[in-house]
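Asks: I would like the atomic coordinates for the input below:
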Amino acid sequence: MLRKTQFLLKFMRFTFLLMAIAGLGVVPYGIYQILFPGTPGNVVMLNVRQRLTDSESFDEAQQQVAGGKPAKLLLHAQTGTLVVQEPNAIRRVLLRLVNAEKGPLPLLVAGVVFALLMFKILGDIKPGAPFTAANVQRLRWLAVLLLGCEAYQRVASWGMQNYLSHLAAPYTDQLLPNADFGTSLISSGLTAAILVVLASGYQRGVELTEEAELTV
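Replies: Model prediction:
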């Protein structure tokens, strides 16, 4: 059983190391895309979605299928790329920051930090000494990282939606950002709370280990 546990820990640690290395390869590309987007002038490309105004409702589709019609696919939104000219340099950078081709750059960086923290946490879990003070701090940092990502997504989603609604172009007030802004605040908060409780448990384990060493 101990061998299986050690193998599993090593496998997971290796997996997180690969994730961190892959992320470190993607992040520079994302930065390059922000600094050198390859678009002419002040043009910015934004990933957006728009609700289809002529789409059927759930009730209509249910009634039709219940009446013998074949299965129906309901399309609620269409996605696309909005090409805009933004003269403000700072705003251009911010827009490209949350619309990077490989994903929002802050979330990519957070993913690398997460993988590195998990790599270090698993590396410090050893037979006979599972509790370390360093891992207590790392678990707390994971909770902070998770809440930070949630705060970023809320602010980024609000900022993008506000920007789209104020563009002087037809139908842009009906657009929504089509980016990775969809996590649940409840799930993120619960996960962060679990990490804090786990860190407290680890802290108590560290204290008990130190007391046992002093007793010996």
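Asks: Give me the residues contacting stretch 35-51.
Replies: 76-87, 92, 95-96, 99, 160, 164, 171, 174-179 (C-beta atoms under 8 Å, 6 or more residues apart in numbering). Glycine gets a C-beta too; all of them are placed from N, C-alpha and C.
Asks: for this protein, what are the low-confidence residue spans?
Replies: 1-2, 53-56, 100-102, 127-131, 179-189, 206-216 (pLDDT under 70).
Asks: can you give me the helices for it?
Replies: 2-35, 58-66, 89-98, 105-124, 133-165, 185-215 (DSSP state H).
Asks: got CSV for those, with mean neighbour count and distance to residue 52 too?
Replies: Listed next are these as CSV, based on neighbours: other C-beta atoms under 10 Å; distance: least, C-beta to C-beta, whole Å:
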stretch, mean neighbour count, distance to residue 52
helix 2-35, 14, 30
helix 58-66, 11, 13
helix 89-98, 16, 25
helix 105-124, 18, 28
helix 133-165, 17, 17
helix 185-215, 13, 28
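Asks: For those helices, give me JSON lines that also has distance to residue 46.
Replies: Listed next are the helices of the chain as JSON lines, based on distance: least, C-beta to C-beta, whole Å:
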{"stretch": "helix 2-35", "distance to residue 46": "14"}
{"stretch": "helix 58-66", "distance to residue 46": "29"}
{"stretch": "helix 89-98", "distance to residue 46": "6"}
{"stretch": "helix 105-124", "distance to residue 46": "15"}
{"stretch": "helix 133-165", "distance to residue 46": "8"}
{"stretch": "helix 185-215", "distance to residue 46": "24"}
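Asks: Please identify which of those helices is closest to residue 72.
Replies: helix 58-66 (4.9 Å; C-beta to C-beta).
Asks: Could you export the closest one as PDB, CA atoms only?
Replies: Output of helix 58-66 as PDB, limited to C-alpha atoms (Å, rounded to 0.1, in the frame of the first residue of the first chain):
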ATOM      1  CA  PHE A  58     -38.000  25.800 -24.400                       C
ATOM      2  CA  ASP A  59     -41.800  25.600 -24.000                       C
ATOM      3  CA  GLU A  60     -42.300  25.800 -27.800                       C
ATOM      4  CA  ALA A  61     -39.700  23.100 -28.500                       C
ATOM      5  CA  GLN A  62     -41.100  20.800 -25.700                       C
ATOM      6  CA  GLN A  63     -44.700  21.100 -27.100                       C
ATOM      7  CA  GLN A  64     -43.600  20.300 -30.600                       C
ATOM      8  CA  VAL A  65     -41.500  17.300 -29.600                       C
ATOM      9  CA  ALA A  66     -44.300  16.100 -27.300                       C
END
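Asks: hmm, who's touching that helix?
Replies: In contact with helix 58-66 (C-beta under 8 Å, 6+ apart) are residues 71, 72, 74.
Asks: Relative to residue 194, how far out is residue 120?
Replies: In this view, residue 120 and residue 194 are 19 Å apart by C-beta to C-beta, to the nearest Å.
Asks: same question, residue 25
Replies: Taking C-beta to C-beta, one finds residue 25 at 31 Å from residue 194.
Asks: Also residue 160?
Replies: According to C-beta to C-beta, residue 160 and residue 194 sit 30 Å apart.
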